[in-house]
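S.K.: model this:
(2 chains)
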Amino acid sequence: MSITTERPPVRPRSEGEGARTALGSRARNRVFWTRFGMQAPSLIILAIVLAFPLVYSVVLSFQSYSPVDAEADGHFIGLDNYIRMLGDAQFGRAVLVTIAYVVLAVGIETVFGTILGVVLSRLIRSRRIVTSALLLPMIATPLVVGLMFSFGLNPQFGFMTDFLRAFGLVGDGGVLDSAGGAFAALVVMDVWEWTPFIALMVLAGLSAAPQAQIQAAELDGCNTFQLYWHVMLPMVRPVLIVAILFRATEAIRQFDQVYILTGGGPGSATTVNDIFQYRVSFAAFDMSYGAALGVATFAVVATLSAILFRYLNRKGVDA
Amino acid sequence: MYHFTRHAPGRRSTAARAALTTGIVTVLALAVTGCGGSSGGDVDPDAADGWSQEFAGTELNVLAEATLNSEILAELAPEFTAKTGIDVNIETAPFAQLVQSVTLDFSTAQGDYDVVSIPYDYLGAYAGSGYVEEITPLIEANAERVGDEFDETDIVEGLWDTAATWDGKSYGMPSNSAVTMMLYRADLFENADEKAAFAAEYGYELAPAQTWEQYSDIAEFFTRDAGETAAGEVLSEPMYGVTMAGKRHEAAVFEWMNYAGGFGGGVVDADGELVVDSDESVESLEYMKSLGAFAPPGFTSATWDEVTANLQQGIAAQAISWGDTAGAMEDESQSAVVGKIGYGDVPVATEGDEHHALHGAWTYTISTQAVDKDAAFLFTAWALSAPVQKKIGEMGGVPATRSAFEDPELVSALPSWPQQLASLENALARPRNAEWPQMLDQLALQVSTALVGDSTPQKALDDAQSEIEGVLGDKLPLKAF
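M.R.: Residues are numbered from 1 along each chain as shown, chains lettered A, B, ... in the order given. Below is the predicted model of the structure:
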């Protein structure tokens, strides 16, 4: 994404213009305040909903505050919360679970989504119906998806459990009874919901691909696989990277489905970062430590996004 | 789950808004009626029944737990309004959501709620932070304003201590008397064939378990596959010896505390020292884990909701569960085991030991931000008055007064009644210190970790102990808990 700004051509200053400078600066002043005034409502709202909580969180992260503990009255404790974070094995585990979750879920979605997108692009008559059907999982709110899997995976009467049991894939305790099973269930749930998103992005990329180059490649004797791998995949890559970026940032802040399905358990097997922070802040009411965790997460995600955006710019998404 | 209902959203978020609203209301009243009278509701002095009507027109917001007790109270609230002229909005929420709402409301001094029913283990947190009113002065100040049917000395004594008293002062009045007990399938236990088979297999007579060993034997005995028989009937689906809560959730911690109480372990001992990793505590968690073999599959993702459902469906022979689910057992519209459930004491490690249940009571507290503390007190007093308590009992809830538990009509109609009172008298309390929410979170994690086998009970409780020591720091041994 390259940004070019058009500068107005610089007009050489003519004689006698100096006298009008004062007037010009007043006009410029007025223009500035008009523009500022026009944007002020949105700027104020932005400041309230974005800047204030952020600044408050940063301040809170240097304090000791719990709404249920009179001794944790908000006094400043310097970097204690951050130091505690570095030595907190449970936080470390939550970070690892989150990384594993994001990499696995988004990775699988990308592979499946790309294949599905290619298949969709080859459909002629049924494409519209199939595309609409694929939208369905995405439309459901995370809470509903979580509840749906929660019922489906119920060890006693869940239809998904019955299905898996028929193939001997799960034991009596059901899927959520083991750490691996519960984690796998979360990954599968995300893949089920979001693979169509990647597929639709790929489909859009393929539809916009320049036909001339594809035909040229065909004329040069490319087989279908070569055509997709060497010609079309590079064409959809920028779209795919944007899709992965979207999905990764979404998956990093996964909360609803985990909360509904496993509550972060069994043990800490599915305690992703957001669940961990929720528990610290709203189950244990250790608000200041929770704020420190939030600030740290924000810093990491912001850095990751910045790196990804730089990468995107270099790779020329504007291609 | 989200059962969050809200009848009266943020009433007085700022003083300015309140002042503005009052101003507008006053102007409108003057314009419409030509005079500036109060906006008080119409009250009939004959309906007062001894209750003061001087707060007529006050509107109270009450937040209570999403249980039958609260539903019943909401149903009866118009009676209170008729007597006093005080309007009441009752909002309900389940445990976790309620605690979050209350904490945020209290800590931001928002004053959305005037009366809040809190789980008693948050008493230290809220009273210690000065969020709730001391109740004794309110009882004294309002002695003349309450009807004769209210008598605070009628509240079960153990409940007062556990649910209302913190650091020597009382901060509320018990709102319900949830307490654990043993629930078992009396119909199966009394069946002659089952009795004979049990005696042949275990060498002693089948009867409601007195010890944890018996409880485990009975659990094993009644765990059967579909197609086998139970009390002469072929089972269409498997049957399990017990049902229990094992999800990473408060429910699993409270379940474990029943076993821990029986084995002599627990969280904090009488001296305020942590005993999470004591031999007795570890033994009790090992025992709980061993029971898992006789529980319905997937008990590690179950809370008290599943426990109640399993009992109602008749697929479990025993459980340690809350007395306030007894109503659900005897409700024909949702239970397959009406009249078949027996109620007993929570078992003990060795025969002859003292039985200990676990308190699960809730407490009516009055917010220091309440719109009118005396009016709020009147509501709690009415909720604890004899006729209301009796009706709560009749309608399937759990009252908090001794007279309701000893009421001859209720005793003859409700099979669980004598056991509820017995459990209330021997129940132990969860810690109630300000750090308890953090301790509870750690315990939920470690109990769950041990139950799914990711860690041994010993290691899990060692970890919980060291994490909690970190939370409590130099506050150990706890002075008030």
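S.K.: where does B:Gln2 land on pLDDT?
M.R.: Careful, residue B:2 is Tyr; it's not Gln. On pLDDT, B:Tyr2 comes in at 39.
S.K.: Where do the strands of the chain begin and end?
M.R.: No chain specified, so I'll use chain A. For chain A, the strands defined by DSSP state E cover A:63-65, A:73-76.
S.K.: not what I meant, chain B
M.R.: Along chain B, the stretches classed as strands by DSSP E are B:59-65, B:87-93, B:115-119, B:165-166, B:169-170, B:173-176, B:180-185, B:229-230, B:233-234, B:318-322, B:341-344, B:362-366.
S.K.: report the angle between the axes of the second one and strand B:59-65?
M.R.: Orientation check (axes from the mean of the first three to the mean of the last three CA atoms, to 10 degrees): strand B:87-93 against strand B:59-65 gives 20 degrees.
S.K.: Kindly report the same for the last one.
M.R.: In terms of direction (the same axes, to 10 degrees), strand B:362-366 departs from strand B:59-65 by 160 degrees.
S.K.: and the longest helix belonging to chain A, how far out from the chain's middle?
M.R.: Using DSSP state H, we find that the single longest helix of chain A is helix A:89-122. Put simply, helix A:89-122 sits 11 Å off its chain's centre (CA atoms, centre = their mean, to the nearest Å).
S.K.: Buried ones in that helix, by neighbour count?
M.R.: Residues A:90-91, A:94-95, A:97-98, A:101-102, A:104-106, A:108-110, A:112-114, A:116-118, A:120-121 are the ones in helix A:89-122 that count as buried (16 or more other CB atoms under 10 Å in any protein chain shown). Where C-beta positions appear, they are placed from N, C-alpha and C, glycine not excepted.
S.K.: Kindly identify which of those also come near chain B.
M.R.: Applying CB under 8 Å from any CB of the partner chain to the buried residues of helix A:89-122, one finds that A:Gln90 fall near chain B.
S.K.: neighbours around residue 185, how many?
M.R.: Using chain A here. 23 (other CB atoms under 10 Å in any protein chain shown).
S.K.: you looked at the wrong chain, it should be chain B
M.R.: By other CB under 10 Å, 24 other residues sit near B:Arg185.
S.K.: excluding its backbone neighbours, what's nearest it?
M.R.: Spatial nearest neighbour of B:Arg185, chain neighbours left out: B:Ala317 (4.9 Å); criterion: CB to CB, 6 or more residues apart in numbering or on different chains.
S.K.: how near is the one you found to A:Arg127?
M.R.: According to CB to CB, to the nearest Å, B:Ala317 and A:Arg127 sit 57 Å apart.
S.K.: higher neighbour count, those two?
M.R.: The neighbour comparison of B:Ala317 against A:Arg127 (other CB under 10 Å) goes to B:Ala317, with 25 against 14.
S.K.: on that earlier part again, spit out the contact partners of the residue nearest to B:Arg185.
M.R.: B:Tyr184, B:Arg185, B:Leu188, B:Ile218, B:Ala219, B:Phe222, B:Met239, B:Tyr240, B:Gly241, B:Val242 (CB atoms under 8 Å, 6 or more residues apart in numbering or on different chains).
S.K.: what about the first one, neighbour count?
M.R.: So that's B:Tyr184. B:Tyr184 has 25 nearby residues by other CB under 10 Å.
S.K.: confidence score at it?
M.R.: 97.
S.K.: tell me which residues form a beta bridge with it?
M.R.: B:Tyr184 has these beta-bridge partners by DSSP bridges: B:Gln318, B:Gly342.
S.K.: Pretty sure it sits against B:Asp345.
M.R.: No - if you go by CB atoms under 8 Å, B:Tyr184 and B:Asp345 don't touch, sitting 11.2 Å apart.
S.K.: so what sits against both of these two?
M.R.: Listed as contacting both B:Tyr184 and B:Asp345 by CB under 8 Å, 6+ apart is no residue at all.
S.K.: and A:Gly264, how far is that from chain B?
M.R.: Counting by CB to the nearest CB, to the nearest Å, the separation of A:Gly264 from chain B is 6 Å.
S.K.: For A:Gly113, see how far away that residue is.
M.R.: 28 Å.
S.K.: and if you look at B:Pro437?
M.R.: In terms of CB to CB, B:Pro437 sits 42 Å off from A:Gly113.
S.K.: Just give me the residue right at the centre of chain A.
M.R.: Residue closest to the average C-alpha location in chain A (CA atoms, centre = their mean): A:Thr249, at 1.9 Å.
S.K.: correct me, but it touches A:Val301?
M.R.: Yes - using CB under 8 Å, A:Thr249 is in contact with A:Val301, at 6.9 Å.
S.K.: And B:Arg145, how far from chain A?
M.R.: 32 Å.
S.K.: which residue packs closest to that residue, ignoring adjacent ones?
M.R.: B:Ser52 (3.5 Å).
S.K.: show me what contacts that neighbour?
M.R.: Per CB under 8 Å, 6+ apart, neighbours of B:Ser52: B:Thr84, B:Asn142, B:Glu144, B:Arg145, B:Val146, B:Leu378.
S.K.: pretty sure B:Gln110 contacts B:Ser367?
M.R.: No - contact between B:Gln110 and B:Ser367 fails when scored by CB under 8 Å: they sit 9.5 Å apart.
S.K.: Around chain B, pick out the residues from the stretch 151-300 of chain A.
M.R.: Near chain B, when you scan the stretch 151-300 of chain A using CB under 8 Å from any CB, you find A:154-156, A:171-174, A:176-179, A:182, A:262-269, A:279-280, A:282-286.
S.K.: Which members of those residues are classed as buried?
M.R.: The buried subset of those - by 16+ other CB under 10 Å - is A:154-156, A:173-174, A:176-179, A:182, A:262-269, A:279-280, A:282-286.
S.K.: I'd like to know how many residues surround residue 213.
M.R.: Going with chain A. 12.
S.K.: nope, chain B please
M.R.: B:Glu213: 15 neighbours (other CB under 10 Å).
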